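Peer 1: what would the 3D arrangement of this be:
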Amino acid sequence: LASPDTASQEGMMAQGLDLLYKQNNAPAAVAQFRAVLRRNPTHYGATYQIATALERSGQLAQARQMWQAVLGMATQFKDERVIATAREHLK
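Peer 2: Numbers count the residues shown, from 1 in each chain. You can find the predicted model right below:
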């Protein structure tokens, strides 16, 4: 098995998604998505998922910052669905 520092971003994302949605372990998912963002600070999916994981972990101030970042990225990509989602979380 690959060690965490040689794992692919895709593999790290898959692990984070599993932690967040299947294992319901938002704090562990936050750590996983942070690792992706350390490698690629503009990773769109990791930014979205860490915002969700932070919110589920009760880290609302940090989640809000990440939702702001998601909104900016979604606006740049003209991703209307994610723009709406980010705006909902920022209310």
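Peer 1: just give me the longest helix of the protein.
Peer 2: helix 60-77 (DSSP state H).
Peer 1: and it, how far out from the chain's middle?
Peer 2: Relative to its chain's centre, helix 60-77 lies at 10 Å (C-alpha atoms, centre = their mean, to the nearest Å).
Peer 1: what's downstream of that helix, the next helix or strand?
Peer 2: Next in sequence after helix 60-77, counting helices and strands by DSSP states H and E, comes helix 80-89.
Peer 1: let me see the residues that make contact with that following helix.
Peer 2: Tyr48, Ala51, Glu55, Ala63, Arg64, Trp67, Gln68, Val70, Leu71, Met73, Ala74, Thr75 (C-beta atoms under 8 Å, 6 or more residues apart in numbering). Using the backbone N, CA and C atoms, a C-beta is placed for each residue, glycine as well.
Peer 1: check stretch 20-32 too.
Peer 2: With C-beta under 8 Å, 6+ apart as the contact definition, stretch 20-32 has outside contacts at 12, 15-17, 19, 49-50, 52-54, 56-57, 59.
Peer 1: ok and the longest helix of the chain relative to helix 80-89, angle-wise?
Peer 2: If you take axes from the mean of the first three to the mean of the last three C-alpha atoms, to 10 degrees, helix 60-77 sits at 150 degrees to helix 80-89.
Peer 1: by contact count, what packs against helix 60-77?
Peer 2: Packing partners of helix 60-77 (3 or more C-beta pairs under 8 Å, 6 or more residues apart in numbering; DSSP states H and E): helix 44-56, helix 80-89.
Peer 1: which residues does the first one contact?
Peer 2: Judged by C-beta under 8 Å, 6+ apart, the contacts made with helix 44-56 from elsewhere in the structure are 9, 13, 16-17, 20, 26-27, 29-30, 33-34, 36-37, 40, 60, 62-63, 66-67, 69-70, 73, 77, 82, 86, 89.
Peer 1: so what's Gln15 closest to, chain neighbours aside?
Peer 2: The spatial neighbour of Gln15 that comes closest, neighbours along the chain excluded (C-beta to C-beta, 6 or more residues apart in numbering), is Gln32 at 5.5 Å.
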